[in-house]
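Undergrad: Just the structure for this:
(chains A, B, C, D and E)
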Amino acid sequence: MNLLGAGILKGMAVTLKNFIGSYFDKERLNTLEYMWQNDKSLPKRAGDYPKEEGEQLRPTTTVTNYSRNFPMLLHDDGEPMDTIRCVACQICERECPPQCIYIEKSDDKKERPGGKPQFYPATFDIDVSVCMSCQICVEVCPFDAIVMNSQFELSTPDRFNGLLLKRGDLLKSNQYYHKIHPEEAADRDKRIADDKAAKEAKKKAAEAAKEAKKKAAEAKAKSEAEANSKEESKDPSEPPQTSTEHNKEENTE
Amino acid sequence: MNWELIKDILLATVPLLVIFPTMFALTTWVERKALARIQNRIGPNKVGVPMSRYGGKLSLFGLGQPAADGIKMLFKENIVPTGADRLFHLLAPILSLIPAMLVLCFLPLNFPWLTDEQNSVKAFMLDGAVIFFFAITGLNTLAVFMAGWASRNKYSLLGGMRAIAQMVSYEIPLVLSAVVVVMTVGSLNAGEIAKSQDGWNWFVFSPWGLAAFIIFFIASLAETNRSPFDLPEAESEIIAGYFTEYSGFKFALFFLGEYIAMFAISGLAVTLFLGAGDGPGAEAYPSLKVIWFLAKICVLIGIMIWLRGTLPRLRVDQLMSFAWKFLMPLSILNIFITGFAWHAENNNEEYGFTIKAIIWTASLLILYLTAKGLDKVNRANIKPRTYQYGE
Amino acid sequence: MGPHHPSTHGVFRMDVKLDGETVVDLKPVFGYLHRNHEKIAENISYLASMPFTDRLDYFNSMTNNWAYAIAAEKLVEIEVPERAEYLRVIMAELTRLVNHISLVGFFVNDLGALGTPLLYAFREREKILDLFEQASGARMMCNYLRFGGLRCDVPEGWLKRARDLVDRFPKFLDEYEQLLCENEIILSRTQGVGTLSRDLAISAGVTGPMLRASGVNYDIRKVDQYGIYNRFKFRVPYSENNVGDCYDRFMIRMLEMRESIEILKQALDGIEEGPVMGNAGKVFKPKPAEAYGRIESPKGELGFYLVADGTPKPYRFRVRPPSFINLTVLRDMCIGQQVADAVIILGSIDIVLGEVDR
Amino acid sequence: MNEVTAFWILAAIAVIGALFAIRKRNLVHGVFSLLVFFAGLAGLFLLLLAEFIAVVQILVYAGAVGILILFAIMLTDRVTGKDAFRVTSRGSFWGTIIAASVFLVLLLPTIQEIPQVDNPSNSEEIVKQSTVKALGKKLIHPYVITLEILALLLTAALIGAVTAAQGGHPAKKKISIE
Amino acid sequence: MTVTLHHYLILASVLFCIGLLGALSRRNAIVVLFSVEIMLNAANLNFIAFWRFGNNPELLHGPLFTLFTIAVAAAEVALGLALVIAVYRHFRSVDLESLNTLKEE
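TA: Next up is the predicted model:
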């Protein structure tokens, strides 16, 4: 039969342990100082925050390199507007659950390094107050043009156009992406590289197939010429048709 | 006007007015810091002296917090609800502060600069100090009612009535447990009680003294609406207690009154049970007595804060049945035991060690068994249950 | 007690008719947080409503996702790879821990314990949420599961971090039990309060810890054996006498946490490398069919009923919210009790308004 | 000198307190003025060096009886305590006349017969004697019977008050869940 | 001029008469209880005054007797209020005028 009031005493022993523990045991005390430097006033627009996420945080803060907050557009190294990846295919605009992306397709095409000239988004706005950072747009985007940024300090005094991120604010370089989400950026680039390699391989295979066909055609013409009376020599089999569809772009909608 | 008398009176009262309010400010800080630490937070550390020249600010580990609270309370606009009784609305916080302050001067603080022969000090050594103490704390209930009634709002009246019911029903165990000490010392005078406990024979070391101290401490928790009994002000069911309609400086007065009452009651507990001013170095340098006295008060306040961080609240009917069905019978029994033990000790001559040991163990056993029995009677079916596991 | 009452969990109002201290009649009023979840789901694609399921019961988003994923997988036969199944179980049990500690924290806070147990609970919850953030990118709104597997694999080192969190958790639980389970004040305030008899619970369709507290041995993980729960050996605690009160509900949740740790240990041992995403097609366009998938969410039986009509948008999307159905017995439990207990009974039911109002 | 001024102040407080207690329309104001009256009286007792009595007066009257009356007002009258009935009873005119005549009857003998005693025994000696210990001894030794009777009376009054006020508690009807 | 016995006696009789006036002229039962209290306290004042100016104070007659009257007065108030509450429950009013059901019509 336990001592009267033993439950209360045990409870108090626990609080005492926590009281003393909070001074020494790092694991118990886990509240952190607030991050934003408090001597600067809040910028007018969300876009005016310093571009690089690192500049606004205090050294002591630790934003894990997995957290996602609002989307950002990627451009490869070089002048941002030339190397933008987004081709304004507006899939993300349709798929976005809270419908917070607004894209206006440009009418002229822009030369892209590597691929053929593509459209580019004349305006690409994301209303940060509507976006719920659910990352669906990143998933459905076939061009890896949009990824999640972990910059969370975007508070502004003005509610309407203050929280509207224009294309200029959204555009960030790939190295920045590597800086904030190293692992994710790494395997995303690897996947892009593999796709490119697969495409070249396919292209080469296609050219090889074409030459083979040309050769076969000349050979056929020659052989026809020599023995057009001889019965048709069996054509080499059709060049292997690539199994997967042409490329992700034409997924039917 | 003989200036001699006035000088003595000032010498006796001004230190009280200086020491206890500063201790009040410190206790609010300590309470918030300690509660925070119990909950693994850091506690207030943002208020600091803005050293704009050096950038950032000098955070005084939150010591600026009580000052900030005080200033905030001063500048808050105090609203008096329409239709409320203006006079009593103003009078209630003052009436809640006066008894708390008045009672402080009867504690045997024996300041070193107050030698005994000055006649002003004798005035303070009131003959019926302990009874006077309970009479004055009784007035506190009055202030609570006045606050509840004067703010003309049904809920604060309800809260006020509950607070009064709680205070009145916990005053009885408070007084009965004090009777134990007065009985053995034979005098109501706080100074004599303190003198009789010199040299480490504090009352808390005898079994009935310990039981009385525990009852006294629990009842004092209820008297000042602290921790497990803070029903009136932190009512999660109905809106908060009797001082909802108060803001600004009047609320600060209530707040101050509550803390000073806490000091006063724990001061009395120290005088009655923990040998006021008696500590290792007390005989050598009498000026150490004050420091010992205040240290013991701080220990009791610490325990109160610790309790506040741990225990949930009691329901109203449990609160009442705990006072009437558990504390009161226990304290009455304790009085009988003390009477018996005191009689055995003082009247027969061969009061050797063996009889003393027997009496002590017997009384300890009786007290514990009755407490256990009472607890079983009151809460018959309340015990931790076991559960079965299904596949 | 108005919608923004300090102790109700979210916007929930109770019209209480009193006779002195005892409650004579009680009418719960809610619907303040109704966001039209099911109608919206009919206008967007299957995948797009996955992030909305996080917002249902915002304490445990992983289990919501899993329930929706199971229902969708029943529509179209998709085979989920081994590692995804294991990770799903691990995530679900971690959310069960998160839900139960925060519930116990809020429950004791209603009893008036000034936040201390709540802050201990939140301290441990933070550690688990960090794990979720590393796996899915967000702490509470994970949006991590997809039809046929997971969106992405957990980063390396995650399993080791999860492993030592699970090893450290029992130590915290012992400390928590020592603080709460024998505390006389909590015992006397919760025992005999808000009693729910066994047959009333069954007839009212109550599920989850509340049902088990009233003495019914019914746990969907054991009944349906969905996912790979049949591989793990774990027990289901339920009360002996067939009337459950607030104390039973509180204790059942504490014991369930220990069982979840057992499952987590076995799951973390059994997981190996492998693909995380099944062979789901690019666009999810099920043939016309209907399916009802349900799981044992920490609050009870969470079910999704989907009717597909061949287009990429569901024809009908219905959620069976456990806390909404558990709330229907609130009136019967509160009548005859004190006012102070009405708040505690509400706390013991563990409702989250996101799920009640949808 | 300051003793006389103290007497006059306290006498004024007591008389004003008593008058307001009777005259006030609002009952709760009446109770608070009654408490002022009790406090004034306690001061007078202190002046008369009956220290323990002053303390007991505050404890019993100002503390307990005051709250008791407030509870009674809360339980009976409208909470606002406004006394809406006609303030004075029918016999109020005759009441004042009787009170005045009683006052005269009391006043005349004090003026003539009781000697003008103005040299009270010195206060130090009284203070030394009227300690609580002396009172206690007196209470136990010669007046122990009265003390026991008093105890009996108080318990009887307590039990009587409780039963009268409760008026037989109606059986606690079990609220059945239909 | 020092304070003499006469001062206290006159004061006590003034207070007594105020109490009597209140008792007789107010309709509300609770105010009547007030006035009875005032009368009792006036009597106590007399006891202490006579003890203070009496010739053998060590007998402590005054304080003892006052203690007894205070105890009796407290018991009396408790019972009086209990009766008032019982009456209120029955008659729904504390007005003494309306308590005349014993008088046969």
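
Undergrad: And the residue of the stretch 51-200 of chain A closest to chain E?
TA: For the stretch 51-200 of chain A, the residue closest to chain E is residue A:159, as judged by Cβ to the nearest Cβ, at 59.7 Å. (Glycine included, C-beta is placed from N, CA and C.)

Undergrad: Could you check how far the closest residue to residue D:58 other than its chain neighbours is from chain A?
TA: Leaving aside its chain neighbours, residue D:58 sits nearest to residue B:135 (4.2 Å; criterion: Cβ to Cβ, 6 or more residues apart in numbering or on different chains). With distances defined as Cβ to the nearest Cβ, to the nearest Å, the gap from residue B:135 to chain A amounts to 31 Å.

Undergrad: same check, this time on residue E:26
TA: Taken as Cβ to the nearest Cβ, the span from residue E:26 to chain A is 52 Å.

Undergrad: and if you look at residue D:37?
TA: From residue D:37 to chain A the distance is 45 Å (Cβ to the nearest Cβ).

Undergrad: Can you tell me the SS state at that residue?
TA: The local conformation at residue D:37, judged by DSSP: H, G, I helix; E, B strand; the rest coil, is helix.

Undergrad: Which stretches in chain B count as strands?
TA: In chain B, the strands defined using DSSP state E lie at B:48-49, B:58-59, B:388-390.

Undergrad: so where do the helices sit in the stretch 151-253 of chain A?
TA: According to DSSP state H, counting those that start in this stretch, the stretch 151-253 of chain A carries its helices in the segments A:167-170, A:174-180, A:182-227.

Undergrad: can you check chain B too?
TA: With DSSP state H as the definition, chain B shows helices at residue ranges B:3-38, B:64-75, B:86-104, B:119-124, B:129-150, B:154-185, B:190-196, B:207-223, B:249-273, B:288-310, B:316-322, B:328-347, B:353-378.

Undergrad: could you dump those to a markdown table with mean neighbour count and mean pLDDT?
TA: Compiled in a markdown table, the helices of chain B are given as follows (neighbours: other Cβ atoms under 10 Å in any protein chain shown; pLDDT from 0 to 100):
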| stretch | mean neighbour count | mean pLDDT |
| --- | --- | --- |
| helix B:3-38 | 16 | 83 |
| helix B:64-75 | 15 | 77 |
| helix B:86-104 | 20 | 84 |
| helix B:119-124 | 15 | 54 |
| helix B:129-150 | 25 | 85 |
| helix B:154-185 | 21 | 85 |
| helix B:190-196 | 20 | 81 |
| helix B:207-223 | 23 | 90 |
| helix B:249-273 | 23 | 87 |
| helix B:288-310 | 19 | 87 |
| helix B:316-322 | 18 | 85 |
| helix B:328-347 | 16 | 87 |
| helix B:353-378 | 14 | 83 |
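
Undergrad: closest to residue C:178 out of the ones you listed?
TA: Relative to residue C:178, the nearest member of those by Cβ to Cβ is helix B:288-310, separated by 11.5 Å.

Undergrad: Between helix B:3-38 and the closest one, find me the angle.
TA: Angular relation of helix B:288-310 and helix B:3-38 on a 0 to 180 degree scale: 30 degrees, by axes from the mean of the first three to the mean of the last three Cα atoms, to 10 degrees.

Undergrad: Now find how far off-centre helix B:288-310 is within its chain.
TA: Its chain's C-alpha centre and that of helix B:288-310 lie 10 Å apart, by Cα atoms, centre = their mean, to the nearest Å.

Undergrad: just stretch B:188-208 next, same as before
TA: Averaging C-alpha positions (Cα atoms, centre = their mean) puts stretch B:188-208 18 Å from its chain's average.

Undergrad: And the residue nearest in space to the middle of chain A, how far from residue A:189?
TA: Taking Cα atoms, centre = their mean as the criterion, residue A:147 is the residue nearest the geometric centre of chain A, at 2.5 Å. The gap separating residue A:147 from residue A:189 is 11 Å, by Cβ to Cβ, to the nearest Å.

Undergrad: Next, the residue in the stretch 1-150 of chain A that chain D sits nearest to: secondary structure please.
TA: When Cβ to the nearest Cβ is the measure, the stretch 1-150 of chain A has its nearest residue to chain D at residue A:4, with 29.5 Å between them. Applying three-state DSSP to residue A:4 yields a three-state assignment of coil.

Undergrad: what's the distance between it and chain B?
TA: 6 Å.

Undergrad: What of residue C:31?
TA: Applying Cβ to the nearest Cβ, one obtains 24 Å for the distance of residue C:31 from chain B.

Undergrad: Doesn't that residue belong to a strand?
TA: No. Judged by three-state DSSP, residue C:31 forms no part of a strand; its state is coil.

Undergrad: Could you pull up the residues touching it?
TA: When the contact criterion is Cβ atoms under 8 Å, 6 or more residues apart in numbering or on different chains, the partners of residue C:31 are residue C:357.

Undergrad: Need the pLDDT of it.
TA: Confidence at residue C:31, expressed as pLDDT, is 78.

Undergrad: how about the helices in chain E?
TA: Per DSSP H, chain E carries helices over the ranges E:5-25, E:29-53, E:61-91.
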